[in-house]
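Dropping a prediction and its sequence here:
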Amino acid sequence: MGKTKDEKVLDEKQSGLLAAPMKRGWPASNQCMKFVKIYDKTSFKTLQPVSDDFIIDSVIQTAANDLQKHKRRMATMHIHEKFKQKPCVFSIEVFPPKKAGATAESLYPALKAMSRLNPDYISVTYGAGGGQAGRSTGEIAAHIKNDLGIESLAHLTSVNASREQVLETMEALQKANVENILALRGDLDPAVPNRTDFAHASDLAGFIRKNADFGIAGACYPEGHVESSSLREDVENLRHKQQAGVEHLITQLFFDNIHYYRFLNLARKAGITLPVQAGIMPIVNKRQIQRTIALSSASLPPQFTKMISRYDHDEKALFDAGIEYAVEQIRDLIQGGADGIHLYAMNNETVAQRVYEGICDLL
Ligand SMILES: Cc1cc2nc3c(=O)[nH]c(=O)nc-3n(C[C@H](O)[C@H](O)[C@H](O)COP(=O)(O)OP(=O)(O)OC[C@H]3O[C@@H](n4cnc5c(N)ncnc54)[C@H](O)[C@@H]3O)c2cc1C
């Protein structure tokens, strides 16, 4: 028995073909879907036009979404370009799953949910906070870029890495279509003798700039880096990053916006012209508090400590208060002219969603 036309379309989709609306801007409703094009799923070349008036909505919708993602994926985008296009860039940071045996894929449902918040990019840490160095950073960054159609930023630390290793990582990222790197030195481990291939993040940034065409971001510290004798000295050192080719900066987390404003003022006076994204971490449970503070050395303003002690014994209330605190911080920063917001969402899509809901009218 011959197949109906809609069965044919479904067959083709399963065999690697996609249907997409022929005219841009048509809504995916069946009244309008009289004409579709069939695209090859990998090359996206048009194979044949089909005239049909009962193509199933969901097929069309999926195809249109795929095409959209494909277009975004193919568009070369260094993240710093985004700062020229909008007043406030919004990004989310995730880390590779840390539990023993956890695969990169276990993070994908959370990433899918985060992608619906339409972030300008998602960054993926490199061995931070106790994970194995670099494990699955590239894989996750590639998934964000190629499967979710969102720009990705792969963190890369150079401490204890040789030039050859860094080149290998860069090649792997390029092959995976990841076009942006956050160039970091990484924390020094007194138990491990340091390699001297890259003494500072600026050396890594310069090396990347010389050897490949990546968008390059760098880290900065509104309260000063622990190794610097003063905030001023730390800010002065940012000039090395800027000269080496870093194109935008992301701050360490902070709980009092005064640090961001003061830092920015100093940085501009020191000739740092790069866009500076404010890094904000919502504190939503007790476990996070000690660990975060130890890792970041961020100072705690009285309104923050008050909130923590007030909701200390009420998990749900602490969660809500932590979100509210972060939302207030971010709203103030956007209204104060921050170039961007980088959300340390701790792989928690609910946290990302709740914060986004509180700030999306300003983005
Ligand atoms: C947004 C962000 C993301 C991060 N992601 C990760 C991650 O994924 N993985 C991870 O392990 N860690 C991560 N970190 C932590 C980071 O690796 C540590 O803070 C580390 O101690 C410093 O890294 P850096 O790139 O800022 O180093 P550097 O820029 O090298 O700075 C380190 C110190 O050296 C000074 N300095 C810098 N350049 C020079 C120079 N040319 N000459 C003399 N002195 C100089 C600085 O003032 C500072 O005191 C992140 C930090 C931030 C803010």
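Perfect, I can see it now.

what does the longest helix along the chain contact?
For the chain, the helix with the greatest residue count under DSSP state H is helix 315-335. Residues from elsewhere that reach helix 315-335 (C-beta atoms under 8 Å, 6 or more residues apart in numbering): 88, 255, 257, 260, 278, 280-286, 303-304, 307-308, 310-312, 341, 351, 354-355, 358-359, 362-363. C-beta here means a position set from N, CA and C on the backbone, and glycine is covered the same way.

One more pass at 7 Å, please.
88, 257, 260, 278, 280, 282-285, 304, 307, 311, 341, 351, 354-355, 358-359, 362 (C-beta atoms under 7 Å, 6 or more residues apart in numbering).

Beyond that helix, next helix or strand please.
strand 340-344 (DSSP states H and E).

does that following strand come close to the ligand?
No. Strand 340-344 lies out of reach of the ligand by C-beta under 6 Å from any ligand atom, never closer than 6.7 Å.

Let's test this: mean pLDDT of that strand, rounded?
Computed over strand 340-344, the mean pLDDT rounds to 98.

What is that strand packed up against?
Counting contacts by 3 or more C-beta pairs under 7 Å, 6 or more residues apart in numbering; DSSP states H and E, strand 340-344 is packed against strand 89-94, strand 276-280, helix 315-335.

and stretch 124-139, average pLDDT?
On average, stretch 124-139 scores 72.

Could you identify the buried members of the contacts of helix 315-335?
88, 257, 260, 278, 280, 282-284, 304, 307, 311, 341, 351, 354-355, 358-359 (16 or more other C-beta atoms under 10 Å).

any idea how far the residue sitting nearest the centre point of the chain is from the ligand?
Most central in the chain under C-alpha atoms, centre = their mean is residue 122, positioned 1.6 Å from the mean C-alpha point. Counting by C-beta to the nearest ligand atom, to the nearest Å, the gap from residue 122 to the ligand is 13 Å.

Just to check, that residue is in contact with residue 144?
Yes. Counting by C-beta atoms under 7 Å, residue 144 is a contact partner of residue 122 at 4.9 Å.

ok, back up a step: so of the contacts of helix 315-335, which ones are in helices?
Here DSSP H is the test, and these give 257, 260, 304, 307, 351, 354, 355, 358, 359 as lying in helices.

returning to what we had before: quick one, phi psi at the residue nearest to the centre of the chain?
phi -120, psi 130 (degrees, to the nearest 10).

Of all the residues in the longest helix of the chain, which ones are buried?
318, 319, 321, 322, 323, 325, 326, 327, 329, 330, 333, 334.

Switch those over to a markdown table, and while doing so, append pLDDT and distance to residue 179 to every line.
Output for these, formatted as a markdown table (pLDDT from 0 to 100; distance: C-beta to C-beta, whole Å):
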| residue | pLDDT | distance to residue 179 |
| --- | --- | --- |
| 318 | 95 | 39 |
| 319 | 96 | 35 |
| 321 | 96 | 38 |
| 322 | 96 | 33 |
| 323 | 97 | 32 |
| 325 | 97 | 34 |
| 326 | 98 | 29 |
| 327 | 98 | 31 |
| 329 | 98 | 30 |
| 330 | 98 | 27 |
| 333 | 98 | 27 |
| 334 | 98 | 26 |
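
Thank you kindly, that will do.
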